[in-house]
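A.B. asks: Mind looking at a prediction? Sequence and model below.
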Amino acid sequence: MKTLNQTQQREFTRIFSLGASRGSLTVTNQDIAGPIDSSDEWIRQRTGIVTRKRAGAGQSLMDMATEASEEAIAKAGIDPAEIGAVILATITFPFQTPSGASLLSAKVGAVNAAAYDISAACAGYCYGIAQADALIRSGVAKYVLVVGGEKLSDFIEPTDRSISFLLGDGAGAAIVGPSDHPGISKSVWGADGSNWDKVGMTGSLIDYRDGKIAWPTLVQEGQSVFRWAVWEMAKVAKQALLEAGLEPKDLAALVTHQANIRIIDELAKQLELPDSVVIARDIIDTGNTSAASIPLAMHRLLSEGLVAKGGYALQIGFGAGLAFAAQVIELP
């Protein structure tokens, strides 16, 4: 009997480059405080947000995902036809099917790529990096385009005090490829489905179709999510460091999901990070962009020279589901 051919495996992977695209509108706290009966001071104290970026008229999720992807591809210096998979992490692509990734692959010239979406909310980008690492090391793909992109403003109820004032729009992209040394650690990921309803929608599309609810919008149980994010995600972050064989002092940066400045600061405190570790706080003027927040924050650290390429960053995403994922990556 003949034996099957198998793909040639690769030992290591790394992120080659990053790209970013933010919503073209700057929305201040004063712009949104009225409908939630709040103030600039209240929003700053609770979230750390001063402004957030939201899509302008005619600016779609796909526009932002394409812009970020094209930057990442150009910086990586690869032919987009070499991309073996396109992974789009999003909860806001406005079609149930086909996937946004399939359209994105055509827009960026990834004509030979498999393409699919990930619905893991704020953990989606880190899920994508974990999958890209596995696809490349297994030999299925040489390069993988991972994009975290959201247009959350399509799913906001302006009077909602639980989450609406946090949210922004944007996309961040990464090219992952083969490496001669380890550039992505083993991922620590999972989901706490027992708390499935702690971040979600006001109802289903079926409820909307049947006239039971208005257009579904995002809501959360803020205190429950805060406690879970701080205490449970600190454990996940520590486990990711352990899997990477590193200590906090070995890091150049901590890049968490940009959920809330208090969560970010408390996680850093729980990890006992030395002052040498740069902590990403992109949320201050970009807002919470769900799956886009980690690549956007990391792109800013690099583009503004706040961290040097080649150092290690711990990235951890967490959110609706309650899904989570973390890994240590070498900064591109």
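C.D. replies: In hand now; what should we look at?
A.B. asks: which element is the nearest residue to Ile184 once chain neighbours are set aside on?
C.D. replies: Using C-beta to C-beta, 6 or more residues apart in numbering and skipping the chain neighbours, the partner closest in space to Ile184 is Asp133 (4.7 Å). (C-beta placed from N, C-alpha, C; glycine too.) If you go by DSSP states H and E, Asp133 is part of helix 124-137.
A.B. asks: repeat for Gly56
C.D. replies: Assigned by DSSP H and E, Gly56 falls outside every helix and strand.
A.B. asks: Might you report the residue contacts of it?
C.D. replies: The contact partners of Gly56, by C-beta atoms under 8 Å, 6 or more residues apart in numbering, come to Gly23, Ser24, Leu25.
A.B. asks: Was I right to think the residue nearest to Ile184 contacts Ile15?
C.D. replies: No. The pair Asp133 / Ile15 is not scored as a contact, 9.6 Å apart, by C-beta atoms under 8 Å.
A.B. asks: does Trp215 count as helix, strand or coil?
C.D. replies: Assigned by DSSP: H, G, I helix; E, B strand; the rest coil, the conformation of Trp215 is coil.
A.B. asks: where's the nearest residue to it once chain neighbours are set aside, which helix or strand?
C.D. replies: What sits nearest to Trp215 in space, not counting adjacent residues and going by C-beta to C-beta, 6+ apart, is Tyr208, at 6.4 Å. Tyr208 belongs to helix 205-209 when assigned by DSSP H and E.
A.B. asks: Tell me the buried residues in that helix?
C.D. replies: The neighbour-count check on helix 205-209 (16 or more other C-beta atoms under 10 Å) flags nothing as buried.
A.B. asks: Can you identify the element that follows the helix or strand of the chain with the lowest mean pLDDT toward the C-terminus?
C.D. replies: Across the helices and strands of the chain, mean confidence by mean pLDDT, DSSP states H and E is lowest for helix 222-227: a mean of 92. For helix 222-227, the succeeding helix or strand toward the C-terminus, using DSSP H and E, is helix 233-244.
A.B. asks: got the angle for that next one vs helix 124-137?
C.D. replies: Counting by axes from the mean of the first three to the mean of the last three C-alpha atoms, to 10 degrees, helix 233-244 lies at 20 degrees to helix 124-137.
A.B. asks: Against which helices or strands is helix 233-244 packed?
C.D. replies: Packing partners of helix 233-244 (3 or more C-beta pairs under 8 Å, 6 or more residues apart in numbering; DSSP states H and E): strand 188-191, helix 261-271, strand 312-319, strand 323-330.
A.B. asks: between the ones you listed, which gets nearest to Tyr127?
C.D. replies: For those, proximity to Tyr127 was assessed by C-beta to C-beta; strand 323-330 is nearest, at 5.1 Å.
A.B. asks: That closest one: how far from the chain's middle?
C.D. replies: Put simply, strand 323-330 sits 10 Å off its chain's centre (C-alpha atoms, centre = their mean, to the nearest Å).
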